[in-house]
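*Asks:* Quick one, fold the following:
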Amino acid sequence: MDKKFFVIVAVLVIGFFGLLFFNKDQNSDSSSSSETNQAELTDHTAGEGTSGVTLTEYGDFQCPACGQYFPIVDQLKKDYGDELTVQFRHFPLQTIHQNALISSRAAEAAGMQDKFFEMHDLLYANQQQWSASNDPSSIFVDYAKQIGLDTEQFKEDLKSSKVNKIVQADLASANKKGYTSTPTFEINGEKIENPSSLDEFKEKIDKAIDEQKSDNNKN
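*Replies:* Reported below is the predicted structural model:
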C-alpha cells in the first residue's frame, strides 16, 4: 500500500513539473512570435515612384536565380529612375541556402548605417565568393570596409537580435503570402510571373504605369 502511494505521488510530481516546463516553452515560443510580429517590415527602396508604381522583390542573396535577376533589376532602376520605386524584402531560404540568413543580416546591418543597397549590390555581385563559405562573416566585414561602414558597429549589428527580428518579419510576410521561391516579384503588391527578360519586365511595368495614369485621370 505504501509503495503504491509513493508511486502515485512520484507520478503527480513529475506531471506537475512537466506541465511547468511545457508552459514555459509555450510562453517562450509565444514571446518570440510576438517579438517578430512587432518588428516592422523593411522599407528599402530606390526611386521616388512618381508614376505611383512599385516593383517589390522578395529575394535571397544566396539564390542563384536572384543573382541572375540582379543586373536586370539594376538596369530597371537606371532606366526608370524616379518614375519607378524598386523595393527589396528579405526571403532567405535557409533550408537550401546555408548562408541565406546571415547574408540578409549583413545587408540589414549595413542598412543600419544607411548603406543597405551598397551591401545588397556587393552581395549579389560577389555571390560565388561567399556562398560556399562555412563562415562568411569575415568576408562581409571586408565588404563593410569597402563601402565605408563603421566595421565594429557593423559586426555588432550583424549578430544583434534587432537585425534578426527585422529579417524574420520580412520572411514571415513572404510565408503569409504563400510564397515558396525566390525571387518573387510584385507590382503594387500583386504577385507577377517572373519575366524572362528585361524587355518583358518593362512591358509589365509600362502596363502598370499606364493603368496608374488612367486611374489618376478618372479621379
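
*Asks:* Residue 117 belongs to a strand, doesn't it?
*Replies:* No: checked against DSSP: H, G, I helix; E, B strand; the rest coil, residue 117 lies outside a strand; its state is helix.

*Asks:* Now the closest residue to it other than its chain neighbours: phi and psi?
*Replies:* By the measure of C-beta to C-beta, 6 or more residues apart in numbering, the closest residue to residue 117 outside its immediate chain neighbours is residue 46, 6.2 Å from it. Placement of C-beta: from N, CA and C, glycine included. For residue 46, the backbone dihedrals are phi -130, psi 140 (criterion: degrees, to the nearest 10).

*Asks:* Can you name the residues that contact residue 46?
*Replies:* Going by C-beta atoms under 8 Å, 6 or more residues apart in numbering, residue 46 touches 77, 85, 86, 117.

*Asks:* give me that answer again for 7 Å
*Replies:* By C-beta atoms under 7 Å, 6 or more residues apart in numbering, the contact list for residue 46 reads 77, 86, 117.

*Asks:* which among those end up buried?
*Replies:* Listed as buried from the contacts of residue 46 are 86, 117; burial here means 16 or more other C-beta atoms under 10 Å.

*Asks:* Quick check, pLDDT for residue 15.
*Replies:* Note for residue 15: predicted pLDDT of 40.

*Asks:* For the residue nearest the centre of the chain, give its distance to residue 179.
*Replies:* Against the mean C-alpha coordinate of the chain, by C-alpha atoms, centre = their mean, the closest residue is residue 90 at 1.3 Å. As judged by C-beta to C-beta, to the nearest Å, residue 90 and residue 179 stand 12 Å apart.
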